[in-house]
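> Fold the stuff below for me.
(one chain, ligands or ions: 1)
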Amino acid sequence: MDQSIATFGRQALPMVWDYSEANAFSLMAGDIYTTIRTLVRTLSDLPAEVPGIIKNANATDQDNNKFLGLISSDPPYYDNIGYADLSDFFYVWMRKSLASIWPNLFRRLTTPKNEELIATPYRHASKDVAETFFMQGMKQALAGMRKATIASEPLTIYYAFKQSEIAADGVTSPGWASFLQAVFDSGMMVDGTWPLRTELSNRMIGHGANALASSIVLVCRSRPETSEAITRSDFLRTLRRELPAARERLRADKVSPVDMPQSIIGPGMGVFTRYASVLEDDDNAMSVRTALALINRVWEEIENALDTEFDAETQVALAWYASHGFDTRPSGELITLANAKNISLSSLFQSEVFLDRRGKAQLTPRENLPAGWSPQTDGTLTVWECVQHVARTLEAKQGGQEAAARLVAGMGEKTEAARALAYRLFQIATDKGWSAEALVYNALADEWPTLERLASEIPNPVASPVAEETPRLL
Ligand SMILES: C[S@@+](CC[C@H](N)C(=O)[O-])C[C@H]1O[C@@H](n2cnc3c(N)ncnc32)[C@H](O)[C@@H]1O
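Reported below is the predicted structural model:
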């Protein structure tokens, strides 16, 4: 059945060649009443019951400061969307029907453009002038919000995030770095960054490993006037001291591996913005862009340091995985890795972490792992196996959650390390661009708290293993 639906799947006016052919007045599914009913349902399901007041004003206008309240803002995102241009599409038509009702709002021929806080080069002399306009205006608007907010309450700001904005050297897209710089320059400090899922779940699945939180909420407060300047090395030292605990808190709060890179910016920027400035060696103030790169670097250091806490076999497997994934390669490199960890090549094969391919070696693919495996009867138990077996069980849907929880129940003290390894493997797979693998580990880390809960409800995990047919190791 045809249905007339919204034209705007995204904020653009693309040339489309489809047109609506549904009979708008058919009184059947797909007619205009269906569309209106859907809209009405949305309105009636909205939780707001107290009437609100809407006011149209320029955010950079200092007159706005006289209101004191709780502020939550969804400002423009650098050069992402030209709202004023898009609004004209509606404005010119609405003007005809609504000008007599709202004469002030519709007194113009088109919407105002000059005050719009976006960095569009075509409205300015150059890209640099556009950037300066955005930065100054945003700083002014944010400073106004800071003054208007209640001192005891944080101010929340939404920022739409795109996968492409996470560069290899950290989260350093011009939009993101400029925006954070404006937040800092306006006298605010960042208290936290919360990833928000604002896309529909079917879209996220469509995006595969790019199923990243599409928005991020910055939680900000006023920086105390008494805050001091610190040096670059003080900044690095404080990051190294504070980020490990922050990462643990985020994991405990069930932040997915896929959302970790943005989430860790919160505590990192929290350190940076709590000081009046961070001084470089030449006494110049450090930019937000540099701070973001350093936060990312320290985060990687912390992740790498974690590797040494795993058992030796898992460390070798991690190093091999980061280079070759599940590919078969000559054993020479594996011998070197094993020697460095003071273990023998044969122990890697015996533990079934690796497969012996006669002169070559391969990390045992999940589909080749022996079914019916139990961590309690494995004489050479490794964290690597714990993760791969649980992933296989969930992936192959053999016994599903229940079977996976039974494995977790038998892991004892390796449980926490296994979850940490899932986060680590997600990061490696993402950096390598192995989307399918990244999805497996993201799902695993997300599922882990549920598996632990189910595991705690199993009275005797050894007594009732799930019977499965064991595939042969090839
Ligand atoms: C990210 S959008 C907010 C979208 C909104 N949350 C919604 O769901 O419709 C940013 C908004 O900021 C507005 N804006 C841009 N410059 C502004 C300015 N100088 N003063 C006030 N609002 C401005 C834009 O018109 C746009 O509506």
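
> CA atoms for contacts and neighbours, from now on please.
Noted.

> Not counting sequence-adjacent ones, nearest residue to Leu13?
Take Leu13 and drop its neighbours on the chain: the residue closest to it by Cα to Cα, 6 or more residues apart in numbering is Leu86, 7.6 Å away.

> What's the per-residue pLDDT of that neighbour here?
On pLDDT, Leu86 comes in at 91.

> And the one 5 residues further on, by the same measure?
Among the per-residue scores, Tyr91 shows a pLDDT of 95.

> Quick one: residues contacting Thr60.
Residues near Thr60 by Cα atoms under 8 Å, 6 or more residues apart in numbering: Gly137, Met138, Gln140, Ala141, Gly144.

> ok, 7 Å please
The contact partners of Thr60, taken as Cα atoms under 7 Å, 6 or more residues apart in numbering, are Gly137, Gln140, Ala141.

> neighbours of the residue nearest to Leu13, just the number please.
Neighbours of Leu86 under the rule other Cα atoms under 10 Å: 14.

> that older thread, can you tell me which of the contacts of Thr60 is nearest Leu454?
Each of these was checked against Leu454 using Cα to Cα; the closest is Ala141, at 49.0 Å.

> What are the phi and psi values at that closest one?
Torsion angles at Ala141 (phi, psi; degrees, to the nearest 10) stand at phi -60, psi -40.

> Can you tell me which of the contacts of Thr60 has the most neighbours?
Within the contacts of Thr60, most neighbours by other Cα under 10 Å means Ala141, with 23 neighbours.

> Now that one. Nearest residue, chain neighbours left out?
Thr60 (4.3 Å).

> Okay, and Asp18 sits in which element?
Secondary structure assignment for Asp18, by DSSP states H and E: no helix or strand.

> Now name the helix or strand holding the spatially most distant residue from the centre of the chain.
For the chain, the largest distance from the centre (Cα atoms, centre = their mean) belongs to Ser100, which lies 45.9 Å off. Assigned by DSSP H and E, Ser100 belongs to neither a helix nor a strand.

> one step back: so which helix or strand takes in the residue nearest to Leu13?
For Leu86, the element it lies in under DSSP H and E is helix 83-98.

> Whether that helix contacts the ligand - can you check?
Yes - for helix 83-98 and the ligand, the contact criterion (Cα under 6 Å from any ligand atom) is met by Tyr83.

> can you list the contacts of Thr60 in CSV and add pLDDT and distance to the ligand?
Listed next are these as CSV, based on pLDDT from 0 to 100; distance: Cα to the nearest ligand atom, whole Å:
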residue, pLDDT, distance to the ligand
Gly137, 93, 7
Gln140, 92, 10
Ala141, 92, 8
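
> For the helix holding Leu86, which residues meet the burial criterion?
For helix 83-98, burial by neighbour count (16 or more other Cα atoms under 10 Å) applies to Tyr83, Ala84, Asp88, Tyr91, Arg95.

> Which strands and helices lie in contact with that helix?
The helices and strands touching helix 83-98, judged by 3 or more Cα pairs under 7 Å, 6 or more residues apart in numbering; DSSP states H and E, number zero.

> got the CA coordinates for that helix in CSV?
Extracted as CSV, the C-alpha positions of helix 83-98 are listed here (Å, rounded to 0.1, in the frame of the first residue of the first chain):
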residue,chain,number,x,y,z
TYR,A,83,19.0,25.9,8.7
ALA,A,84,18.1,29.4,7.4
ASP,A,85,18.4,28.4,3.8
LEU,A,86,16.3,25.3,4.4
SER,A,87,13.7,27.3,6.3
ASP,A,88,13.0,29.4,3.3
PHE,A,89,11.5,26.4,1.6
PHE,A,90,8.7,26.6,4.2
TYR,A,91,8.8,30.2,5.1
VAL,A,92,7.8,31.6,1.7
TRP,A,93,4.6,29.4,1.8
MET,A,94,3.8,29.7,5.5
ARG,A,95,4.1,33.5,5.1
LYS,A,96,1.1,33.5,2.8
SER,A,97,-1.2,31.7,5.2
LEU,A,98,0.2,32.8,8.6
